[in-house]
Each structure stands twice: as C-alpha cells, then as structure tokens.
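A.B. asks: would you be able to build a 3D model of this:
(4 chains)
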Protein chains: 4
Amino acid sequence: MRRITMLGTGLIGMFYTMALHGHRSRDRVHVAYSRSGERAKAFAEQWRIPRHTTDLNDAICDPETDTVVIGLPNHLHEEAVLAVAKAGKAVLCTKPLGRNAAEALRMLEAVERAGVFHGYLEDLCYTPKTLKALEAVRHGAVGKVLWVRSRETHPGPHSDWFWNRELSGGGAIVDLGCHCIEIARNFIGKDIRPVEVMCWADTQVHPIDAEDHAVGLVRYENGAIGQFEVSWAFRGGMDLRDEVAGTDGTIWLNHWLRTGMEMYTAVGETGYVAEKAEGTTGWLFPVGDEPAALGYIEMFTDVLDAIEEKREPRETFYDGYVVNAIIDAAYNSVASRRWEPVTLPVWRGREGVENVAASRDYDPQHALIKEERMSDGSTKLILRHKATGRIVQRVV
Amino acid sequence: MRRITMLGTGLIGMFYTMALHGHRSRDRVHVAYSRSGERAKAFAEQWRIPRHTTDLNDAICDPETDTVVIGLPNHLHEEAVLAVAKAGKAVLCTKPLGRNAAEALRMLEAVERAGVFHGYLEDLCYTPKTLKALEAVRHGAVGKVLWVRSRETHPGPHSDWFWNRELSGGGAIVDLGCHCIEIARNFIGKDIRPVEVMCWADTQVHPIDAEDHAVGLVRYENGAIGQFEVSWAFRGGMDLRDEVAGTDGTIWLNHWLRTGMEMYTAVGETGYVAEKAEGTTGWLFPVGDEPAALGYIEMFTDVLDAIEEKREPRETFYDGYVVNAIIDAAYNSVASRRWEPVTLPVWRGREGVENVAASRDYDPQHALIKEERMSDGSTKLILRHKATGRIVQRVV
Amino acid sequence: MRRITMLGTGLIGMFYTMALHGHRSRDRVHVAYSRSGERAKAFAEQWRIPRHTTDLNDAICDPETDTVVIGLPNHLHEEAVLAVAKAGKAVLCTKPLGRNAAEALRMLEAVERAGVFHGYLEDLCYTPKTLKALEAVRHGAVGKVLWVRSRETHPGPHSDWFWNRELSGGGAIVDLGCHCIEIARNFIGKDIRPVEVMCWADTQVHPIDAEDHAVGLVRYENGAIGQFEVSWAFRGGMDLRDEVAGTDGTIWLNHWLRTGMEMYTAVGETGYVAEKAEGTTGWLFPVGDEPAALGYIEMFTDVLDAIEEKREPRETFYDGYVVNAIIDAAYNSVASRRWEPVTLPVWRGREGVENVAASRDYDPQHALIKEERMSDGSTKLILRHKATGRIVQRVV
Amino acid sequence: MRRITMLGTGLIGMFYTMALHGHRSRDRVHVAYSRSGERAKAFAEQWRIPRHTTDLNDAICDPETDTVVIGLPNHLHEEAVLAVAKAGKAVLCTKPLGRNAAEALRMLEAVERAGVFHGYLEDLCYTPKTLKALEAVRHGAVGKVLWVRSRETHPGPHSDWFWNRELSGGGAIVDLGCHCIEIARNFIGKDIRPVEVMCWADTQVHPIDAEDHAVGLVRYENGAIGQFEVSWAFRGGMDLRDEVAGTDGTIWLNHWLRTGMEMYTAVGETGYVAEKAEGTTGWLFPVGDEPAALGYIEMFTDVLDAIEEKREPRETFYDGYVVNAIIDAAYNSVASRRWEPVTLPVWRGREGVENVAASRDYDPQHALIKEERMSDGSTKLILRHKATGRIVQRVV
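C.D. replies: Numbering: from 1, shown residues only, chains lettered A, B, ... in the order given. Model prediction:
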C-alpha cells in the first residue's frame, strides 16, 4: 500500500487520483497540494483526502506519505523533483518531464544522485491496447518495425499555462508530441538511438506564440521512423491513434473516437460525454472507462508495483529525458528547416545496430522483389539480378 | 479488504481471480477449490493462493475467508449456495444463477433466510461501455427505450459440461442468453415486468441435445422489447454487441471484435489473441484488457464495495432468478411455438406501468406523424386527423 | 438502348431516373407520368425528359417507349401492371410488388399470360456489397448459410400514403421488410421454400394504425432462418445492415451509416448529407454515391441487360410474390401470436431439401462437438458417444 | 458515344476497360494495343474489342476511334501523347503524367499546341467519397482546410517496370504519391500554389534502387499542408485513406480496407477478394464495386462528358504537370535533407493568397484562445491580451 502526496489538483491531478483510488485499490492519496487553498480544499473533499495544503514543501515532506506524484504545470516540475529527491521519497512526474532536455537531464541526475525511485508518468504508453500491441511486436507478429505513426490532436488544452510558451516550454509538440514520440520509441525499441528529426510546425488558428499544429519525423539508427502528428486545432473531439507498420504485419490502435461505443441523441446527453468531446447532441462517441483507456490504471499498477518490487518501472526519468531531447531537435528543425540531430549527452541504449532493411534472395544470382499468386494458379516473380541490377519478371 | 474462497478453477475461476488480484487490488483469494486436486494445486500456484482443497465444505468454511465466489458448473450452484448460506458468508455466484427458475428461487430464498450478502456475477452488465450507456439512458439521452438487442455468439464453450443439458440446464440460451436478457433488463428498467417470451431455437451444427443457436424476444409490460441472439455456431471469434433504440436516440456497443484494436500478421501471433479468437494469422482483433472489457473489474468493485458499504450490489440473486424465469419461458415457447408468459411467483418491481408508446399532438385536431425540413427550406408535415383517422400531408 | 416510361415522380422515381440517366448510360426516360401535372412538368424539366403527362394509359402506351418503370404508391401497382401487360411492354415494378400475395399473384399471372418481360425492382439485393457477398457464399466461403439478419430502420418515410394502411398494405413490414426478406432469401437460396414465420410488431411512436416497428423470423425448409428487423422509429439516420452466419464463416455488410466516410462539422453542412440523415452538424456519415450504394445502378444494369439478352433478371415478379406471401404470414403471426405457415399456391423451387444441420464424426463411435488447440500445444476434444449420448473431454 | 483506342492491356488497362464498358455505358473500346501480340489478342477477346494490334501508331490513328486512352508504363507516356496530339484526337493519360515535370510540361505543351482535348486520369480524385467530401468543403462544412493527409500503401505493384527507376521515374512516390498529392491539392484548392516540400524516403524492404516507403509534406502558399504517405512495404492489403482537418471540421475517408464489408472465412474465399488483398482466409475486407470505389466510373463520366460538352474535365495535363513538379521537389528534398522549393515555370493559379491562419477577437483588448462550457454551467475563457501578450483565464 502506497500513501501518496498529490501535487496539483487540475485535470491531470483529478485523473491520477481517480486512477489511484479507483476500483479496489489499496493505495491512497494522503495529502493534496495546490497553489490555491480553495482548490486544494475542494479537491481534498471531493476525493476524501485527509490533508491539503498550499505549502509545497510541507506536502512533499509530510511524514505520512512515501510517494510523491507531480501533476503540476511544466515550469514547476524541476523545483518539485529536486525537493522530492531531497526528501528521499519515490517521485512520479507527469509528462513532459522537462520543458527541454537540459531541465530533464538535471532532474534525472538529481533523482539518481539521491537514489530515489523515479517513474515517468507517460500514461499513453500504458493503455491496454498499447501494452497488448507491444507484446505482439515482441512476439514478432509484425516482423521488424519500419514506421510508427502516433497522433494526438484535439481542440486545445483546458488551462491557461499550456498556451504560454515560457511556462510550458512550447506548444502542441511539448504538450502532445511527448506522448507520440515515446509511443513510437516503445514500438521501435527503446534501446535504438533516435538520430535526427525533421519537423514542420505552425500556428494556424490561435493567437499564441507557440505552435498549435505540427508533424515530425524521427529517424532511428536502424532506419525506422517515428512520426508524430499533434494539433490543438483539430475539430470533433480528441483523435488518439497509433499505426505500426512492420515487415510482416500492421497494427492500428484507436484509443478514443472509435472504440466500439456509439450513441445518437436528438435531445442531448446532459451528463459527461468524454474528454475533449465537442457537442452533446447528434452522433457521440463516449469512452467506457477513460482512466483505463488513457492508460492511467496500468501505469500506476506498474509504477507502484515497481516501487514495492524494487525494480524499474516501464517508463523512467531517463525516458522522459530522451523524449525531451527529441523535442528539442524538433524545434531546431522547425527553425533550421532541415533534419536536425538529436543530442543525447547520456545514452544508455545500443550503438551500431543493424538496419531494418531486409531483402530476400531468390537464388544465388537473384534477389526477390515480389512473389504473387496469380488467378490462374501460376506464381509471378519479380527478381533483381544481383550482378547487373536488371529487373525481370518470371512466371513459374 | 476481502479474503475470498474461490470455488472452481476453470476459465471463469481464472478470469475472476485475475480480476480480483489485478492492478493494485487489496483483495485476495485465500482458498481455491477444485474437484480435481491436481487442478486445485496448479491454480493455487499460478495465482499464489495460500490454500487449495478438493473438499467443498472445507473451502467454504475456511475461517480465514469472509466471501465465497462460486465459479462452478451450473448443476453445482444450488448445493454450493446452500452451504455458503449455512456458513453465513457473503456469496457471489456466477451466471446463470440456476438451471431454471425453481432452482434459482430456492437459492434466493436460502440466502435471504440466512441473511447473507448475495451478489449475482453478471459481468456483462458491468462493462465500462454498458455502465456509461446506462448512465446516458438514465439522463434521458435516448428518450424512452423501445427495443434492445443483445447478442453473444461464438464457436462454443471450452468445457464438456456446457454441452450436457442435464448439467447445464440447456444450451446456448442458458449459457449466453442469461447475459443478453439481463443486459436488456438493465436498459429497459429492472422494475418493469417481463411479460412474455417468443423464442426460436435449433441445434444446427453440433451433435448435442440442447440448442446451439437461438433468437428470442422478451416483451415487457411497458411494450419495450428485449431481443436476445445467442449461438455456439458463430465463426470469426466472439461477437458481443448491444443495440438500444429509444424514442430520442440510439446506442451501439461493440465489446469484442471491433473495439479499436486491429492487427494484421503474415507470420502469426504466437501469443494469446483474445478469448474465443479463431486463428492467429491475417487480420486479428485482439482486446486490450479482457477482464475489464468483459466487466469483471467493475463487477467486483461494485460487489465487494457493496459488502463493505452494507448495500445491495447492482445485480443480486433476485435478478438471477428473474433471468431464469425468462429463460424458462423461452424454452416453453420453443416447445409450444407461441408466446409464453414469464412466471414470476415473486415480483418486486412495479405493476401497471405506462406503455412507452408516445405520440405527439400537432394541434387539437391532429396528431403529428412526421415533420421534415425540405431542401427548399419549407417544412413538410404528415398529420392524422384524430376524429376521422385521415392522414394528410401539409407543407408550411 | 432502352426508352423508358417512368410512372411516378416521387423520391423513388427520382432515384430511378438518376440511376437510369447516370454516368454514361445509353438509356433514357422518355415519358414521365405523375398524378399531378405540376409535379410531372417539374420532374420532366429537372431530368430533361421529352414528354410528361397525367394520363396513365397515355404514358404506358407512348409509342416511343419500350419499357415501363412503375414507381407508384403500392395501391396503384396492380392497375399499372395490368395496363402495361396489355400494352405488351417490358414492365419493371418497384417494391413491394403487391400489398399482399393475392395481389402479387394476379400481377405475376398477368405478365406471364401476356408474355411480357417483368423485373422486380428490389434494389437492395443488388448493392455492390450484396452481390460480392452472394458470390462469396456461392463459392462456399461461409459454408452453409444458417442465419441471415437483415435490418432496415429509419425515422419514417417521406410521403403520406406510406402511413395509410389501406393504400400501402401495412406499415414498416410492407415498406422495409420486403427488402430484408428478399435479401435473406438471396443468401439462403431462392430455391429453398420459406415454411413459416413468427413475427412481433407494434405501433410504438406514431399515431397510426399500422406497425412502426417489427422483428420477424422466417424459417426455411432447410432449417435456415431469415430475420428481419424494421422500424420507422429509429433515430440517427438510416440503419441498413445485413449479417450472414454460415457453418464456416460470417459476413457483415453496412450499407449506410458506417461505410468509410465520416465528417465532423461545427458549422454545419449546408448541402445534402444522405437519405434519411438527421441533423447537419456534429459527426455526420454521408454516403459517397447513394444510387450505387442502394443498388440502383447494378439493378438497372441487370434488368435492362436481361431485356436485351432475352433472359430473366435476378429478381422477377415471382420473387415479389414470394416476398408478399412471407409478409402475409408475418401479419398472420402478429395476429395469432404464433408461428404461421407461408402459403404459396405457386412454388417453383425445390422440395424436400436437406437440413443445413451438419455434424462431423470423430471416429466410428464418436461425433465431434468441439476441437480446440490449447495454449500448451495439445488439442482438446469434446466428443459425444453416439450410442450412449455421453459427452466426454479428451486431450490429445 | 465515344469510340476508344486503349493503349496498354495490363491491370490499369483492364480496370479502365471494365469501367468504360461497365453498366449501361454507351462507350466502347474499339482498338486494343499491347507491345505483346498475345496479350493484345487475349485482351481483345476478353473484353469483346473488335480490333487489336501491336503497332502503336496504327492503334492511335485507327479511323474508327476518336479518343485515345494511355494505360502504358510511365516511360512510354510522352511518345504516345505526342503521337495522339499529332493525330488530333482526344487524349486521356494515366497517372503519373510524366516521370518528371520536364517531361510532363512537354506533354502539356504538345496537347495545347495541337488543340486536342486532354484529361489526366487521376481516378482517386474522383471516388464518390472524395467528390462528396469536396462538395462539403466547398459548402464550408469544415471551414478553411488546414491539413490533408492522403495515404496509399500496399505490398508493391504487379509489373516489373514499376520497380525499375529508369522506366518509372522513381519508386513509391511516383507510383502512389502522385495520387496523394493531387488529392490534397483538390481539398486545399487547386488555385493555391504549392510552395515547398520536405520529404523522407527510404528503401526498406526491397532490393531496388528506388524508395519503397516515403512520407512528405507539401506546404501551400496559404499555409495549408498536404501530407503524403506512400509505401510498397505495407502488409494487410491496400491502405487507402484520406484525412482532412479544417478550422471548423474534419473529414475521414477510407476507400479500401474498412468500407462496411467484412467477411470471416475458415475455409477460404476461392474467388477474388480485392486488389492487393493478402490472403484468402480469416477476416477479409472485400470491396463491393472496385472500379467505382477507385473512382474509375466517375472519372470517365466526367472526362467523356467533358469531351462532348466541350469543357475542361476536373483533371487535366496541367494538373499532372503540377503534381510532377511537386514530386521533383520531393526527390530534391530527399537528397538535400531540407525543404525544397516547387519549381513551376507555368503557374495558372492565384498568387499572394491570404494565410489560412484565423484568430478571433474576444473584445478590443483580447484575442480569444479558447472558450469552453464547464460542467457547472459556467464558461471558461482563455484570452490573450493583445498589447502585452499576457494569457489569462476567465470564468464568466
């Protein structure tokens, strides 16, 4: 059983607390911290949390808690992490870890120096569908992963600080791209080095300085590509999809708008429809169990089990730092308008890995381009003569 | 925290234990019972259950446990329920409650006489999608419910006793129809009396005495219809869908084959795909978190919370008994080839409810049949003159 | 090239004319008939039809046309068919053929006596998806067909006469069930005799005498079941789906609401969305090419080719008459509340066909109930001892 | 009625002829040309074409035909176009127009100099779903188009010449990207200048010199982005999807793998499943009417009508040339690893268009970032003070 300090009482603090207290959980949030006393009190009442405070250090050092969850705006992560490290407690930090890789690396170094447990709360890498898909990939069901598209788009975040580049570290790339990048890393292999990034970003519909729409490609050392698509300008709800292309298979995940629950209402749903849903009449697409669909349940199970089993969780501050480094490269690419290297002063994965490129020999002289069964029962082969490069067609 | 005796170590015992032990649960199965000592031992090892036994009474009366879960074949429910009632513990019984209403009513009376907590483990009424849909119905989002289709079909159950009508009480209707019937009751209103049933059933592809395919209509006192479709002859996996038609809206739920996870594999998935999945190559449709998708997580949350909060769970033995009575009427209808009444010696719902039929007046003389906006901006009305019954068309 | 007289200028006349004139067609409607001169004129102008008239006989006997399409309300079919037969032209009649089987049989006899070509314009048996699915069934891809569900529901028809039981012959069963019944016949086999019908029907939301919601089961001589679900009370657009269950496979067709075209609009679509669409904002599901999706294109291709090739089209007046006979039995069943026989004074299909029931022997002593590959690589068999009926489980 | 010379008898020639002869068409292919006499003869027999020849000029100059359709490999387009222009006939050329923009521009100039009708056979811009979606966009249903993703991926083309960069002009970008680029142009506006391209491409699984996988971004003058995703390495069939994001709406089109037709077969479909389908057992996703779904029917309707109506078709050689110029820029970007300009020596669209960027004022001092209805009925506003840039949150 973990006794938890929750820092932050916004949307993310609420989702985290729902997940931590949910079902028949043995864990409890024991202290809630908010910068506003009123919000702290209301939150504590709503979730039956014994203590609440507006004093960050008081919350972190509460003698009754052993684990601190950071659900604060991005610009407050570092300060909080350093304080928890100092307090010697397990620290779980929401995404993105830092506003940039330098900040993230300082946090990583702080928790490692202090020797405290650290978990990176990257929920979308823990959705039940993602975990099952990752298992299939590990079984070889799709062969080698060549390309991953991860997309998160919606009409924009709820709180003011997201829109302020100083506080958040950027726009939709920082807010949403951090998910997409880490999802792709999971499918491609976390030990494969991300080499370089090409990114387009623009501010299309909001009066802000940061980007509200971006598409980026991350090239990994083995030739695989992680593609992220993020937007605060999407209409129709929250589009949360992943696509994986492998040499032997394909995976498509839809986490939000098309999950097998569809509703038409002429009169309107007066209750809650789904996070970021637009509208309450006509065809609606609610999500059964949102904390589960977003990965919160499996995430806290892994992280809190890991504390008790004295092992690493699936996602650590090291992962958060790698993601920040990729985001930094993305912003560099937006500015330079070319591929930009991912700078990783600390890299703990493999080096010099093989390319995913795979081609099959047909016979000693020929490589096989394509083999196809024809409607008349024959087989058509397209071959490349290895010495001359000539491409020939044969029916056998 | 509940300490549980698990009776039965088959597929259902496994799903229940996965759900009970899952995530960060504070509950634990403490004793496992199986008729086979070997299976009891293996099960206890797999799920780290401290004790296992082949002695039913010993399992039920274990002083360390306060709650008994019955996951046994249908013909053993009554004996087990009576023994738990005698032991004075909370009793949770899998579906169907009895092989018929008489058996179910005896179980209901036994637990009520003994004053023990009783929960009916009707998981499919607890899936996250179903719970969210029921909430929308309660909010009036679909108006009055007119018709519910609930469908469960797959290529047939795993264990021999299901196929033996003596032991199971019937075929696909008893095995799967019990789910569909109770799902429809939940949407239509559990306080609305099921009046009569019309059912077709046949043994189409298996060499058994019981039906392997059936379609039934249950008419409720308010005119609403619950339609169940069950089969052990379906090909392609497990088809688990519900459809609700209301005066003001529609709900479609797909719990299994199309939930937003799609995978193509040319080489095959060597791991587990999904319950009742057929095949491991080509396009596959795994389910992210099966115990969650099937409702087990929410079900045990409700039932175990209810024990602690000293309230009724959503589904009780009374509900199990009503379902059995509807199934009895379905079998009567298969035999008589006509609508057959549902016999309910005990009925605790409402009587004399209003019909769902709803028609709207247009003016004092006319009822409104249809109103439609035309492409030229005019409105076309179809009206019925109330005195003469004449139907007229008007463009306004 | 066919020169056509179009009788009727309502929604169906418009769809037919769109299909007949569509793409690079060589056929042309030459005369349009409507009971209203104004509508006849407007229709002729819209579709560039040379002649229009309010005189039925004049339209039918126009010397320039060789083919007459009947798109009139149901109560006018017989009179029109008799007139065309007398005129000796090819006659194509919209669905349902008659208001009842007696009427339909008189029409069949009239055209056969006159020796004129006759086509039954049952468009939904001609949708590209249906034709492809029927081909797959013919190839044996789903084995023997056990059950077909065909569903057509929407918020109600556009014209007044549909709502008047005298003129239309009934309610949603006559209007929509005729489609569903014939779709099931196509999948099950048109040469298999429909034996009996069980049907529920009710008037749930409209102030009319006819039913606005019905579910029926048609049992065929070989044990297969055709299930029709029809409603004028559905909300959310037009639900047009078919499901086929065979011994070796499954087919699911969705013709309207989920065909791969999805649109969200916050501001609204000011143009046309789709037939029977409700609402113009939020998530909408338009259909790319409606006449094609509804089968009109393939239907007229088959029928007009058949005239030129002097062969029967896929759907004839005989099929229309069989459908009417099934509908009559459905209404009888609604009244008697039991299975009612389908009365077919003329039957041209097979007699005494084998039951679809199929069971497989495992060895001379045992029939195979189920065979399942287990996760440990073994195979689990469930067998029935043929002499004793005992059911046993074996792992091999 | 058009009388057509068909140049080429491969897969595309077959699809074109199916479409031209299909349904009740008044058009006919009159001469078939193939480089192989055997294939010419077989093709002519299969499609009942009166003449066949292996002499290109003879085919083009046949006095019985007025229209020439070019369905030849890419390296033969220019020669054929010049010959048809010289013959003074209407010329319809398959996609891509040229292997590069220089070739395409020469073809455009040739047909314009000769004054002959020219159509660019870009079928995927003519699918019924695309046409309907374009109409919705024109109505303003999605507001201003910000981003279009068009994706075409499959396991690789059927004929040898595609794989030979000399003959085809490139790899998957030339083969498939030409579709995706022109689809995006249609949604964004053909009069909006494509300014620059950033593209990743790689040869991941085939022993060829050209790319078998690529992702590119095309930036238009108004800030809109057209994203193309192409691959010859995709597994699972043919993935053909478009997504459109606008300021006020979203459109999703799925043309192939999920169109509302789903089939499971345990025994296998012995007939044809769908173009590029992999496998014939398990879950299959056939397409009802392939020539229609791929746009061939609507394409020839538009093009042949345009000849008769003496107007331009939707897609002309000019469009083919613009597409080739964008592809050239994509290859430049792959080489230079940065955004590369689209070079258009001839540009007939608008210049100096406004950016799609749209932001809304809340009051004279503030721009509106976000407005959201809260669950307590209040409205939360996120505003930016225009003078200071400060972002504030207000509840009203």
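
A.B. asks: need the pLDDT of the residue in the stretch 101-250 of chain A that chain C sits nearest to.
C.D. replies: With distances taken as C-beta to the nearest C-beta, the stretch 101-250 of chain A approaches chain C most closely at residue A:236, which sits 3.2 Å away. In this view, the C-beta of every residue, glycine as well, is placed from N, C-alpha and C. Looking at residue A:236, its pLDDT is 95.

A.B. asks: do residue A:375 as well
C.D. replies: In this prediction, residue A:375 has a pLDDT value of 64.

A.B. asks: sorry, back to before: correct me, but the residue of the stretch 101-250 of chain A closest to chain C touches residue D:251?
C.D. replies: No - between residue A:236 and residue D:251 no contact is recorded; they are 9.6 Å apart, counting by C-beta atoms under 8 Å.

A.B. asks: shared neighbours of those two, anything?
C.D. replies: With contacts defined as C-beta atoms under 8 Å, 6 or more residues apart in numbering or on different chains, the residues adjacent to both residue A:236 and residue D:251 are residue C:264.

A.B. asks: residue numbers of the stretch 201-350 of chain A in contact with chain D?
C.D. replies: Within the stretch 201-350 of chain A, the positions near chain D by C-beta under 8 Å from any C-beta of the partner chain are A:202-209, A:213, A:215, A:217, A:219, A:223, A:225, A:227, A:229, A:231, A:233-236, A:239, A:245-250, A:272, A:336-339.

A.B. asks: which of these are buried?
C.D. replies: Buried residues within those, counting neighbours by 16 or more other C-beta atoms under 10 Å in any protein chain shown: A:202-208, A:213, A:215, A:217, A:219, A:223, A:225, A:227, A:229, A:231, A:233-236, A:239, A:245-250, A:339.

A.B. asks: next step: the residues you listed restricted to strands.
C.D. replies: With DSSP state E as the criterion, strands contain A:202, A:213, A:215, A:217, A:219, A:225, A:227, A:229, A:231, A:239, A:245-246, A:249-250 from among these.

A.B. asks: give me the phi and psi angles of the residue of the stretch 101-250 of chain A closest to chain C.
C.D. replies: Per-residue torsions, residue A:236: phi 120, psi 10 (degrees, to the nearest 10).

A.B. asks: next: residue A:366.
C.D. replies: Phi and psi for residue A:366, reported as degrees, to the nearest 10, are phi -120, psi 140.

A.B. asks: in the sheet, who's paired with it?
C.D. replies: Per DSSP bridges, the residues bridged to residue A:366 are residue A:363, residue A:385.

A.B. asks: ok, now the one 4 residues further on?
C.D. replies: Applying DSSP bridges to residue A:370 gives these bridge partners: residue A:382.

A.B. asks: and it, what does it touch?
C.D. replies: Counting by C-beta under 8 Å, 6+ apart, the residues that residue A:370 touches are A:380-382, D:155-158, D:163, D:206.

A.B. asks: again, 10 Å this time
C.D. replies: With contact set as C-beta atoms under 10 Å, 6 or more residues apart in numbering or on different chains, residue A:370 has these partners: A:380-383, A:393, D:155-160, D:162-163, D:206, D:232.

A.B. asks: next: residue A:391.
C.D. replies: Taking C-beta under 10 Å, 6+ apart as the definition of contact, the neighbours of residue A:391 are A:366-367, A:369, A:382-385, D:160-167, D:207-209.
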